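*Asks:* whatever this is, show me its structure:
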Amino acid sequence: MDRLTALSVFSTIVEQGSLSGAADKLDISRAKVSRYLAELETWMDTRLLHRTTRRLSLTSAGEQTLNVAHQLLGMTESLEHIRSQNSTELKGQLRLTTSLSLVESFLIDAVGKFIENWPQASIDILTTDDPVNLVESRIDLAIRITNDLEPNVVAKRIGECRSVVCAAPDYIKRRGKPADVQSLAYFNCLSFAYYGKAAWVFDGPNGPESVAISGNVSSNLSEVLLAATTKGHGISLQPVAAAKPLIESGQLVELLTEWEPKALGVYVVYANRKQVTPLQRGFIDFLAEEMAASPDWSSI
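*Replies:* From the prediction side, this is the model:
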């Protein structure tokens, strides 16, 4: 006899007030419930329940056994929780939201490696640059690139997004290159709606430096600004990971290399610190490791 199961059945009988109720609750036959109870009473060598046609009541031994059953079952649940929290087998579905640019430049490769390691996990990605209410949208995690997280948000910093100032060769041929960051005020600067729309901040040869910028194109999507920059419409501030392939291919030229644009933090945001699942924790730790190993995203 599985005594722990028998104690669980016994506890359910008392909770439901009948053998039939316990059978329905546990989704097993009434005969099986009766057999578990009989075997438990045989092992205990005493009657645990007074049974009549109308009701059940606990004997004195039944009351003591029920107390012990609750303690043992409670400890079993605690052990199951510890086991699940520390399980190396990550499985289930994870829903996350982030920007398309981060998906293309980093996340899609990271997700591919994660799924290879834990094939029982699945990832559902919602791409948007707009802030999303995680609870209302049933999102587990949001990955945000920012230095201005909302107050009281629950988040973990996993990396750093460094940027470069760049322009297309055609634009440079027509307009020339800025000699220093203050010269940017005289160029058409394409700006991101959520960051640096009015000013760009740098760490230069003489320390921190800020310049007011303006331009005829702004967008909430960095992909739009990258496309406009590549087509020669102006100068933009782009994440290193997104701009580097285009710089290496000659489609873009990096400008003002003596000045380092202010970096942004990469954060994983989640709704409740106390309800993080093993899958969520494993994925967050995995992303942090991947970013730490990448020169494009680590804080070097």
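
*Asks:* show me the shaky parts of the chain.
*Replies:* Within the chain, the stretches with pLDDT under 70 are 1, 53, 78-88, 194-196, 299-300.

*Asks:* now the strands for the stretch 1-150 of the chain?
*Replies:* For the stretch 1-150 of the chain, strands defined by DSSP state E, counting those that start in this stretch occupy the ranges 49-51, 56-58, 92-98, 121-127, 141-146.

*Asks:* so which of those strands gets nearest residue 221?
*Replies:* Nearest to residue 221 among these is strand 121-127 (9.8 Å), distances taken as C-beta to C-beta. The C-beta positions use only the backbone N, C-alpha and C, and glycine is treated the same way.

*Asks:* what sits up against that closest one?
*Replies:* Outside strand 121-127, the residues within contact range by C-beta atoms under 8 Å, 6 or more residues apart in numbering are 90-100, 103, 107, 111, 114-115, 132, 137, 139, 279, 283.

*Asks:* could you rerun that using 7 Å?
*Replies:* Residues outside strand 121-127 that contact it (C-beta atoms under 7 Å, 6 or more residues apart in numbering): 90-100, 103, 111, 114-115, 139, 279.

*Asks:* now the buried members of those.
*Replies:* 90, 94, 95, 96, 97, 98, 99, 103, 111, 114, 139, 279 (16 or more other C-beta atoms under 10 Å).

*Asks:* which pair of these spans the longest distance?
*Replies:* Pairwise distances across those peak at 24.5 Å for 90 and 99 (criterion: C-beta to C-beta).

*Asks:* please report how far residue 256 lies from residue 291.
*Replies:* 25 Å (C-beta to C-beta, to the nearest Å).

*Asks:* ok, now residue 115?
*Replies:* Counting by C-beta to C-beta, the gap from residue 115 to residue 291 is 18 Å.

*Asks:* got it, and residue 192?
*Replies:* Taking C-beta to C-beta, one finds residue 192 at 21 Å from residue 291.

*Asks:* please apply the same query to residue 260.
*Replies:* From residue 260 to residue 291 the distance is 19 Å (C-beta to C-beta).

*Asks:* same thing with residue 210?
*Replies:* Counting by C-beta to C-beta, the gap from residue 210 to residue 291 is 27 Å.

*Asks:* neighbour count winner among these two?
*Replies:* A direct count of neighbours by other C-beta atoms under 10 Å for residue 210 and residue 291 places residue 291 higher, at 20 against 14.

*Asks:* next, give phi and psi for that one.
*Replies:* Torsion angles at residue 291 (phi, psi; degrees, to the nearest 10) stand at phi -70, psi -40.
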